[in-house]
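Participant: Dropping a prediction and its sequence here:
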Amino acid sequence: MLSRERVFHALNHKEADRVPLYIWIFGNPIQEPITKKYGGINEFFDHYGIDMVQSFPGKGILSERPASEDMPDASATGKADRKNCYGNVLTIDQALDAVLTDPTDEAIYAPIRRDVEYHKGEKGRAVFVQTPGVFETSTGFLGLQGALEYLLTEPEKMHELFRKIATWGVSYVDACVDLGVDTIHISDDWGRNHAMMFSPKLWWEHVYPNERVHAQHARRRGAYLSLHCDGYFWDVIEGVVEMGVQCTHPIQQSAGMDMVRYKREYGDRLTIYGGLDVRTTLGTGDLALIRQEVADRMRQLKPGGGYIFCTSHMVQPNTALEEVEAAYEVANETAWY
């Protein structure tokens, strides 16, 4: 069975020949020992039977400056000490006026095109593409603290910013689907440990209607729809289903997202993508613990399909290669139906 077929079976809640496998190691220090031992990341993927890839755009959504040069400095708001990926954060008004990257810019799609051609075209793997979620992207404009504050103090302006991000996302989704991407993977962190970062009421009022814009567009274009959300989001799972999401990563056990309960209550609607916790298990150096968690996740989550095995996030710095190898050796042994 082709790797893409395994992934599609999982997304459609069907049992394939085995559970599909993936690992989050992009831009990670673990790549150096992998390359030294296996010859490269692609060779490592081949060795462990990796079935999909997560592809990333070559440019971000936000240009490096607001549209107006004479807008007030963010330092005037007391937020100048808060940083985002562009330096000092913007105010909400600056963010609303900020220039977004042209969604037709080929530089955005060059690495995605390469991934589709190699991993899908040559290796038969499924391609998920990283897609900007409205809240997480707003933190790139405003900083996390700023985004949370503005949700409380300027909710209508935040709604407008979310709409601006989602509108850009529609054009991005179109381009990715046209390139041959299989799954639109919206990245939008709403959770922390055992609670959401903001109230479910604010989520329903401002995140849901705007996130749904590019989520539903992806479904209309015939793509699968996946969501990455770190932390706890039990309070809004019904909204995730209503949005059209078919797959969720990582269902973070250490943050209060009970995977067994999730499988029992939502496993017929939401594919689980994850299983190996990079906070509490991988990176501890405890090979027995790692092997046991992988075996437990396969036993608990693979019956009936609807499961993609992966790390809960990026393999963390100082994780030994032997830990990764131990995990994926057990995954290969236990993934078969």
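Facilitator: Noted; the coordinates are in hand.

Participant: The stretch 151-300 of the chain: strands as residue ranges?
Facilitator: Along the stretch 151-300 of the chain, counting by DSSP state E, counting those that start in this stretch, strands occupy 183-187, 191-192, 195-196, 224-228, 247-249, 271-276.

Participant: which one of these is the most hemmed in?
Facilitator: Highest mean neighbour count among these (mean count of other Cβ atoms under 10 Å): strand 271-276, with a mean of 27. For the C-beta atoms, the positions are set from N, CA and C on the backbone; glycine is no exception.

Participant: ok now that one, how far from the chain's centre?
Facilitator: A distance of 12 Å separates the centroid of the chain from that of strand 271-276, by Cα atoms, centre = their mean, to the nearest Å.

Participant: Neighbouring strands - and their directions - for that strand?
Facilitator: Paired neighbours of strand 271-276 in the sheet (DSSP bridges): strand 247-249 (parallel), strand 307-311 (parallel).

Participant: what residues does the next helix or strand after the last one touch?
Facilitator: Counting by DSSP states H and E, the next helix or strand C-terminal to strand 307-311 is helix 321-334. The contact list for helix 321-334, computed with Cβ atoms under 8 Å, 6 or more residues apart in numbering, reads 19, 21, 23, 25, 30, 33-34, 37, 48-49, 276, 282-285, 287, 290-291, 294-295, 298-299, 309, 315.

Participant: what do you get if the cut-off is 6 Å, keeping everything else the same?
Facilitator: By Cβ atoms under 6 Å, 6 or more residues apart in numbering, the surrounding residues in contact with helix 321-334 are 21, 33, 48, 276, 282, 287, 290-291, 294-295, 298, 309.

Participant: Report the angle between it and strand 271-276.
Facilitator: 140 degrees (axes from the mean of the first three to the mean of the last three Cα atoms, to 10 degrees).

Participant: Quick one: mean pLDDT over helix 321-334.
Facilitator: The pLDDT scores in helix 321-334 average 98.

Participant: Extract the CA atoms of it and return them as CSV.
Facilitator: In CSV, the C-alpha atoms belonging to helix 321-334 read as follows (Å, rounded to 0.1, in the frame of the first residue of the first chain):
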residue,chain,number,x,y,z
LEU,A,321,19.1,9.8,18.4
GLU,A,322,18.9,6.5,20.2
GLU,A,323,15.6,7.7,21.8
VAL,A,324,14.1,8.5,18.4
GLU,A,325,15.3,5.2,17.0
ALA,A,326,13.8,3.3,19.9
ALA,A,327,10.5,5.0,19.4
TYR,A,328,10.3,4.3,15.7
GLU,A,329,11.5,0.8,15.9
VAL,A,330,8.6,0.0,18.3
ALA,A,331,6.2,2.0,16.0
ASN,A,332,7.2,-0.1,13.0
GLU,A,333,6.7,-3.3,15.0
THR,A,334,3.3,-2.4,16.5
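
Participant: Can you point out the buried residues in that helix?
Facilitator: 321, 323-328, 330-332, 334 (16 or more other Cβ atoms under 10 Å).

Participant: ok, now stretch 103-120?
Facilitator: Applying 16+ other Cβ under 10 Å to stretch 103-120 flags 103, 108-109, 112-113, 115-116, 119-120 as buried.

Participant: Roughly how far does the nearest residue to Arg297 once chain neighbours are set aside sit from Val181?
Facilitator: The shortest distance from Arg297 to any non-neighbouring residue, by Cβ to Cβ, 6 or more residues apart in numbering, is to Gly275 (3.8 Å). Applying Cβ to Cβ, to the nearest Å, the value for Gly275 to Val181 is 24 Å.

Participant: Ala10 now?
Facilitator: Counting by Cβ to Cβ, the gap from Ala10 to Val181 is 17 Å.

Participant: before we move on, what about Glu43?
Facilitator: Distance from Glu43 to Val181, by Cβ to Cβ: 24 Å.

Participant: And the two? Which one has more around it.
Facilitator: Set side by side, Glu43 and Val181 show more neighbours around Val181, with 27 against 13, by other Cβ atoms under 10 Å.

Participant: ok, now which ones touch the more buried one?
Facilitator: When the contact criterion is Cβ under 6 Å, 6+ apart, the partners of Val181 are 127, 129.

Participant: Quick check on it: phi, psi?
Facilitator: As for Val181, its main-chain torsions (degrees, to the nearest 10) stand at phi -60, psi 140.

Participant: what about the longest helix in the chain?
Facilitator: Longest helix in the chain, counting residues (DSSP state H): helix 155-179.

Participant: for that helix, packing partners?
Facilitator: Counting contacts by 3 or more Cβ pairs under 6 Å, 6 or more residues apart in numbering; DSSP states H and E, helix 155-179 packs against helix 92-97, helix 106-115, helix 134-142, helix 208-220.
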